[in-house]
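>>> can't give you the sequence, but here's the structure:
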């Protein structure tokens with residue numbers, strides 16, 4: 001009898017030890033055991049990854065609300081004094097911008113193209129300065145509107161043909177310099193741009209005016225896209241924005257023939273917001289810009305974006321196709337002949353290839 005009792009105690013101790021070594025039930029088994037015992041079920045265990053998540057996966061989610069611009073004042077160039085000679089060389093008076101004058105007054109920045117000997121023809125250096133000035137103005141918390149002008153006699157006679165003539169292939173136009181890409185700055189601006197046009201706005205000059213949000217033109221101002229006469233097409237947005245401004249019929253005629261449009265016709269067609277007397281374009285543009293700058297900056301930015309969306313500015317497929325076509329044409333013999341004839345001041349002899 002004693003040996004039988006000792007055997008039972010040994011078996012009981014072995015069962016207890018085995019139970020202690022057995023892993024505790026988890027999940028549904030744990031809940032079942034706890035329920036049977038009358039205790040509340042255990043909380044589910046939190047899973048942990050053996051490998052930590054990458055930084056981008058643990059970062060705060062992006063927001064669609066744009067961050068406010070940095071608070072800073074725009075650095076500007078003092079304007080030429082009234083007594084300075086009018087035949088000074090390009091950029092003679094501009095310590096910060098060589099081919100621009102930039103001033104700020106009453107929340108309005110005025111950017112003046114400044115290559116007087118070249119009728120403000122836009123070349124690579126001027127284009128780079130223009131992007132820098134527009135970007136700085138747009139980022140400044142003290143700026144509510146931008147006036148873009150070429151001065152009292154000419155807005156811009158076009159691109160610098162002598163510089164363009166050195167571009168001889170698609171590779172150089174597309175990959176070396178990406179000709180025309182600087183114009184991408186305009187649709188990125190939240191700050192409205194008011195163009196003040198006096199005299200000629202031809203080729204690239206017309207495209208600069210078309211990229212502005214409001215265009216004030218003086219009596220006698222002239223607009224046109226004469227690139228076809230050089231063996232090229234408009235490459236800075238002209239084929240796209242001109243259609244949106246004046247409609248297909250007039251745009252097609254201007255692009256295919258190079259016909260120019262006077263200020264009165266431009267106003268009737270919708271290219272120009274209003275016409276003012278000679279010598280009043282910049283002043284009127286500044287008045288409009290001050291009204292714009294007097295509004296709430298975020299409200300003005302949203303209003304500008306909505307109108308641009310209605311005008312088709314959000315769809316840049318046509319702009320990109322135009323630029324690639326423009327760049328490809330530099331490989332044609334006719335493009336080389338057209339630009340060389342312009343520089344030589346003679347009529348081009350087309351070879352049709």
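Nice, thanks for sending it over. What you see is a predicted model, and the numbers here were worked out from it, not measured in a lab.
>>> Show me how far stretch 318-328 is from its chain's centre.
16 Å (CA atoms, centre = their mean, to the nearest Å).
>>> quick check: mean pLDDT across it?
Averaged across stretch 318-328, pLDDT comes to 95.
>>> Would you mark the buried spots in it?
For stretch 318-328, a neighbour-count test (16 or more other CB atoms under 10 Å) marks 319, 322, 323, 326, 327 as buried. Backbone N, C-alpha and C define where each C-beta goes, glycine included.
>>> do stretch 178-185 as well
179, 180, 181, 182, 183, 184, 185.
>>> and residue 106, what does it touch?
290, 293 (CB atoms under 8 Å, 6 or more residues apart in numbering).
>>> Report the separation between it and residue 134.
19 Å (CB to CB, to the nearest Å).
>>> just residue 340 next, same as before
For residue 340, the distance to residue 134 - CB to CB - is 32 Å.
>>> More neighbours: which of the two?
It is residue 134, of residue 340 and residue 134, that has more neighbours when counted by other CB atoms under 10 Å, with 22 against 16.
>>> and that one, what pLDDT?
97.
>>> Wait, it touches residue 192, no?
No. Using CB atoms under 8 Å, residue 134 is not in contact with residue 192; the gap is 11.7 Å.
>>> Mutual contacts of those two, please.
Joint contacts of residue 134 and residue 192 (CB under 8 Å, 6+ apart) are residue 146.
>>> picking up where we left off before, want to throw the buried residues of stretch 178-185 into CSV with pLDDT, secondary structure and distance to residue 144?
Converted to CSV, those look like this (pLDDT from 0 to 100; DSSP: H, G, I helix; E, B strand; the rest coil; distance: CB to CB, whole Å):
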residue, pLDDT, secondary structure, distance to residue 144
179, 90, coil, 32
180, 93, coil, 29
181, 94, helix, 27
182, 96, helix, 24
183, 97, helix, 23
184, 96, helix, 23
185, 97, helix, 18
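>>> Between these, which sits nearest residue 349?
Set against residue 349, the nearest of the buried residues of stretch 178-185 by CB to CB is residue 179 (24.5 Å).
>>> tell me which strands and helices the strand or helix carrying residue 244 is in contact with?
Using DSSP states H and E, the element containing residue 244 is helix 238-246. Helix 238-246 is packed against helix 204-211, helix 248-257, helix 263-269, helix 317-328, with contacts defined by 3 or more CB pairs under 8 Å, 6 or more residues apart in numbering; DSSP states H and E.
>>> Of these, flag the one that's most buried.
helix 204-211 (a mean of 27; mean count of other CB atoms under 10 Å).
>>> Which SSE is immediately downstream of the worst-scoring helix or strand of the chain on mean pLDDT?
The helix or strand of the chain with the poorest confidence is helix 55-58; it has a mean of 34 (mean pLDDT, DSSP states H and E). Beyond helix 55-58 in the direction of the C-terminus, DSSP H and E gives the next helix or strand as strand 100-105.
>>> Name the SS class of residue 229, please.
Under DSSP: H, G, I helix; E, B strand; the rest coil, residue 229 falls in the helix class.
>>> Residue 259 is in contact with that one, correct?
No. Using CB under 8 Å, residue 229 is not in contact with residue 259, being 10.5 Å away.
>>> between the two, who's got more neighbours?
Neighbour count, other CB under 10 Å: between residue 229 and residue 259, residue 229 has more, with 16 against 12.
>>> Residue 334 versus that one, what's the distance?
Relative to residue 334, and taking CB to CB, residue 229 is found at 11 Å.
>>> again with residue 197
30 Å.
>>> ditto for residue 163
19 Å.
>>> about what we covered before: so which of the helices and strands packed on helix 238-246 is nearest residue 96?
helix 204-211 (20.8 Å).
>>> now the angle from that closest one to helix 238-246?
If you take axes from the mean of the first three to the mean of the last three CA atoms, to 10 degrees, helix 204-211 sits at 50 degrees to helix 238-246.
>>> elements contacting helix 204-211?
Against helix 204-211 (3+ CB pairs under 8 Å, 6+ apart) you get strand 193-197, strand 222-224, helix 238-246.
>>> mind running it again at 10 Å?
strand 145-149, helix 185-188, strand 193-197, strand 200-202, strand 214-218, strand 222-224, helix 238-246 (3 or more CB pairs under 10 Å, 6 or more residues apart in numbering; DSSP states H and E).
>>> Show me what the fourth one is in contact with.
Read it as strand 200-202. Contacts to strand 200-202, defined as CB atoms under 10 Å, 6 or more residues apart in numbering, come from residues 119-121, 150, 153-159, 195, 206-210, 215, 217, 220-227, 258, 260-261, 263, 266, 271-272.
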